[in-house]
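Visitor: Here's my sequence, what's the structure:
(2 chains)
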Amino acid sequence: MLRSLDILLLIFLLVTAIGVVRTKDLLGASIIFSAYSLIMAIVWQQLSAPDLALTEAAVGAGVTTVLFLIAIGRTVRREDE
Amino acid sequence: MKKGVIIFALFLLWVLLVAAVIALPPMGSSETPAYTHVVPRYLEKEVEEGGANNIVTGIILNYRGYDTMGEVTVIFTALICVLAVLGRENIKRHTSKVELSSVEKSVIVKSVVRLLAPFIILFALYIILHGAESPGGGFQGGAILGASVIVFTLTFGFTLGMKKFPLKYRTILESAGPLSFFISGVVALFCGLNFLTYMLPCINHAYQDLVRHLLLLIIEIGIGIGGGTVIGSIFFAMEKVEKE
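Guide: Presented below is the predicted three-dimensional model:
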């Protein structure tokens, strides 16, 4: 049971990791990255590293996403649409 | 010709790296030095030597004290770099994009943040203070503290955020992490021991354990408050825009 949860989480992790790189839209990419961090936090917890899970959830999913969004808000889009 | 040399050099590097990887003990094997020497020592002796029931906290504050001190200094340096590039915000000159936008903020978001903010801060303090006994510690609690500053400022506006977390207090509190480490580390020097030793044999035996807990607690609180304010200050520095 737990094994299948782990496998599911790792598949999600792979999908989000590829999604971050493949997404052209920066806003979408940073939101997928936040989802990646959240899944990573659960994976840390599954690997019995709750200290890391707390850090990942607070820093990865919370703070860095906000900082990314602010940074995107301050840039200008220049690619050809 | 030049390309061939580069490819040959890269190939040599690859061979070297692969040879190094093959020479490593197999992954997860119980024969690796980490499992035969380091891990048993930590698991068996940490509570007695390190003074924290949570072994991870004992390792990062005690056995790896210098590394953690370096990390705390790195966080502080990151803040200095951000401020050197972007500059400090000023309550008279700056506002934020969120505040300038004409979109009305949702009542639901405001009410939820107003209700939850005290509990988020309480949770952060619990994580910081309980770091020696259960998962958590200064870094984690500090990150949650910083996140609470961010969520408050985003919801209730930049000006109110700057008023609630005034610059004059933040300037002092930002250095709390490295400072608390330095203060707790220096105490041992007065006993003639090495820097960052928490067990002090030169004081009364009955108080030794208490003093050790106190020193660890000072460091945890310092890292927590320092980390939280650093995250908040980086956020303020990035979020500000000039008023017209």
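
Visitor: drop to CA atoms for contacts and neighbour counts, all remaining ones
Guide: Will do.

Visitor: which one is residue 68 nearest to, not counting chain neighbours?
Guide: Using chain A. Computed as Cα to Cα, 6 or more residues apart in numbering or on different chains, the closest residue to residue A:68 that is not its neighbour in sequence is residue A:30, at 6.7 Å.

Visitor: You answered for a different chain; I wanted chain B.
Guide: residue B:60 (6.1 Å).

Visitor: go on, residue B:230?
Guide: Nearest residue to residue B:230, sequence neighbours excluded (Cα to Cα, 6+ apart): residue B:174, at 5.5 Å.

Visitor: got a list of what that neighbour touches?
Guide: Listed by Cα atoms under 8 Å, 6 or more residues apart in numbering or on different chains, the contact partners of residue B:174 are B:76, B:225, B:226, B:227, B:229, B:230.

Visitor: quick one: which helix or strand includes residue B:51?
Guide: Under the criterion DSSP states H and E, no helix or strand holds residue B:51.

Visitor: about what we covered before: relative to chain A, how far out is the residue nearest to residue B:230?
Guide: Look at residue B:174 and chain A: by Cα to the nearest Cα, to the nearest Å, they are 17 Å apart.

Visitor: Flag every residue of chain A that's near chain B.
Guide: A:50, A:51, A:54, A:55, A:58, A:59, A:62, A:63, A:67, A:70, A:71 (Cα under 8 Å from any Cα of the partner chain).

Visitor: I'd like these laid out as CSV, including neighbour count and pLDDT.
Guide: Output for those, formatted as CSV (neighbours: other Cα atoms under 10 Å in any protein chain shown; pLDDT from 0 to 100):
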residue, neighbour count, pLDDT
A:50, 19, 89
A:51, 21, 89
A:54, 24, 90
A:55, 21, 90
A:58, 24, 90
A:59, 23, 90
A:62, 22, 86
A:63, 23, 91
A:67, 18, 91
A:70, 16, 90
A:71, 12, 90
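
Visitor: C-alpha coordinates for the helix or strand encompassing residue A:10, CSV please?
Guide: In this assignment (DSSP H and E), residue A:10 forms part of helix A:2-22. Taking Å, rounded to 0.1, in the frame of the first residue of the first chain, the C-alpha atoms of helix A:2-22 are listed here in CSV:
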residue,chain,number,x,y,z
LEU,A,2,2.7,2.5,1.1
ARG,A,3,4.9,1.3,-1.7
SER,A,4,2.3,2.2,-4.3
LEU,A,5,1.9,5.6,-2.7
ASP,A,6,5.7,6.1,-3.0
ILE,A,7,5.7,5.1,-6.7
LEU,A,8,2.7,7.4,-7.4
LEU,A,9,4.5,10.3,-5.7
LEU,A,10,7.7,9.7,-7.6
ILE,A,11,5.7,9.5,-10.9
PHE,A,12,4.1,12.9,-10.0
LEU,A,13,7.5,14.2,-9.1
LEU,A,14,8.9,13.3,-12.6
VAL,A,15,5.9,14.7,-14.4
THR,A,16,6.1,18.0,-12.5
ALA,A,17,9.9,18.2,-13.0
ILE,A,18,9.5,17.7,-16.7
GLY,A,19,6.6,20.2,-16.7
VAL,A,20,8.6,22.9,-15.1
VAL,A,21,11.3,22.7,-17.8
ARG,A,22,8.9,22.3,-20.7
